[in-house]
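1. Show me how the following folds:
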Amino acid sequence: MTNPTDTPTVVLVHGGFADASYWAPVIRELQASNVPVLAAANPLRGLAHDAEYVASVVRQLDGPVLLVGHSYGGAVISVAGAAADNVVGLVYVAAFVLDEGESFMEIFERFGETPLVGAVRPSSYPQPGGETALELTIAPELYRSAFAADLPSEQTEVLAVSQRPFAAIFEDRARAAAWKSLPSWAVVATADNAIPPDGERHMAARAGAQTIEVDASHSIALSQPKAVADLIRSAVAGVSAEAVTA
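-> Residues are numbered from 1 along each chain as shown. Here you go, the predicted structure:
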């Protein structure tokens, strides 16, 4: 996929329990504004592995890239953004913005566990050589309250039984923090029951991100897609302006 203009391609990176279709309402908003966009498939097999995969996708795109990460995807873009020279900015959507060497569990330990932590259920998946590893899903009956309380039950009933499991990552540590050298933007979901909102505020402020707050659940891209797309459009304008003046 090529982008012949200086307008960055927006690469959307979903988090755990989801797939690239999570971004569908945001994609429609961006396409209506003629913003080049690609929703990447996050493997959900561990932070180092997933960041390497996303970085490889980004490096194969022509022109600048604006990385957007939701939830766990925020940590992925922080690491991937340091491994792809064409990344020009980062947008965090109700996301983890980890520092180098920091783990997800450290954020929960500092800001308190959320309903999501108690709602996840472990299972195993096979690995080569007959070994198994741990992966997580949300208990279907707790999905709406823990992950998407502002979505209608008809929608969450479907989402709850079509989750994408992901490897247990709570102790994974970020190997890089691209926000230290790239401009960033963030939206805090003030009714988030997955990541502590105060944790989101802290991480966004630490990154120097231009930050907005929206009264939304963790599934903000589904419940408030225009607010998310507006922030992304602001980031596109910001990095494009920087490119012109550079």
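
2. Now the element after the longest strand that the chain contains, going C-ward?
-> If you go by DSSP state E, the chain has its longest strand at strand 87-95. Downstream of strand 87-95, the first helix or strand assigned by DSSP states H and E is helix 104-111.

3. Other residues contacting the least confident helix or strand in the chain by mean pLDDT?
-> Least confident helix or strand, the chain: helix 225-245 with a mean of 88, by mean pLDDT, DSSP states H and E. Residues from elsewhere that reach helix 225-245, judged by C-beta atoms under 8 Å, 6 or more residues apart in numbering: 6-8, 10, 25-26, 28-30, 33, 35, 64, 66, 68, 88-89, 91, 93, 183, 185, 187, 210, 212, 214, 216, 220-221. C-beta here means a position set from N, CA and C on the backbone, and glycine is covered the same way.

4. Kindly supply the PyMOL command isolating those of those residues that are buried.
-> Here is the PyMOL command that selects the buried residues among the contacts of helix 225-245 (16 or more other C-beta atoms under 10 Å):
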select buried, resi 7+8+10+25+26+29+30+35+64+66+68+88+89+91+93+183+185+187+210+214+216+220+221
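
5. hmm, back to that, relative orientation of the least confident helix or strand of the chain and strand 87-95 in degrees?
-> Counting by axes from the mean of the first three to the mean of the last three C-alpha atoms, to 10 degrees, helix 225-245 lies at 160 degrees to strand 87-95.

6. Could you give me the buried positions within helix 225-245?
-> For helix 225-245, a neighbour-count test (16+ other C-beta under 10 Å) marks Pro225, Ala227, Val228, Ala229, Asp230, Leu231, Ile232, Ala235, Val236, Gly238, Val239, Ser240 as buried.

7. what's the spacing between it and its chain's center?
-> Mean C-alpha position of helix 225-245 versus that of the full chain (C-alpha atoms, centre = their mean, to the nearest Å) differs by 17 Å.

8. mind starting the numbering at 102 from now?
-> From this message on, residue numbering opens at 102, which makes the last subject helix 326-346.

9. Just give the number of residues close to Ala181.
-> Look at Ala181: counted by other C-beta atoms under 10 Å, it has 32 neighbours.

10. cool, the one 3 residues further on as well?
-> For Ala184, the tally of surrounding residues (other C-beta under 10 Å) stands at 17.

11. Please apply the same query to Tyr244.
-> 23.

12. That one is in contact with Gln256, isn't it?
-> No: using C-beta atoms under 8 Å as the test, Tyr244 is too far from Gln256 to be in contact (10.5 Å).

13. Please report the distance of Arg245 from Ala261.
-> Relative to Ala261, Arg245 is positioned 7 Å away (C-beta to C-beta, to the nearest Å).

14. who's the residue positioned nearest the centre of the chain bridged to?
-> Nearest residue to the geometric centre of the chain (C-alpha atoms, centre = their mean): His171, 2.1 Å. When assigned by DSSP bridges, His171 has beta-bridge partners Val194.

15. Model confidence score at it, please.
-> Looking at His171, its pLDDT stands at 98.

16. Which residues are in contact with it?
-> Leu113, Val114, His115, Gly116, Ala119, Tyr123, Trp124, Val194, Ala195, Ala196, Ile321, Ala322.

17. I'd assumed Val315 was in contact with Gln325.
-> Yes: the pair Gln325 / Val315 is scored as a contact, 5.4 Å apart, by C-beta under 8 Å.
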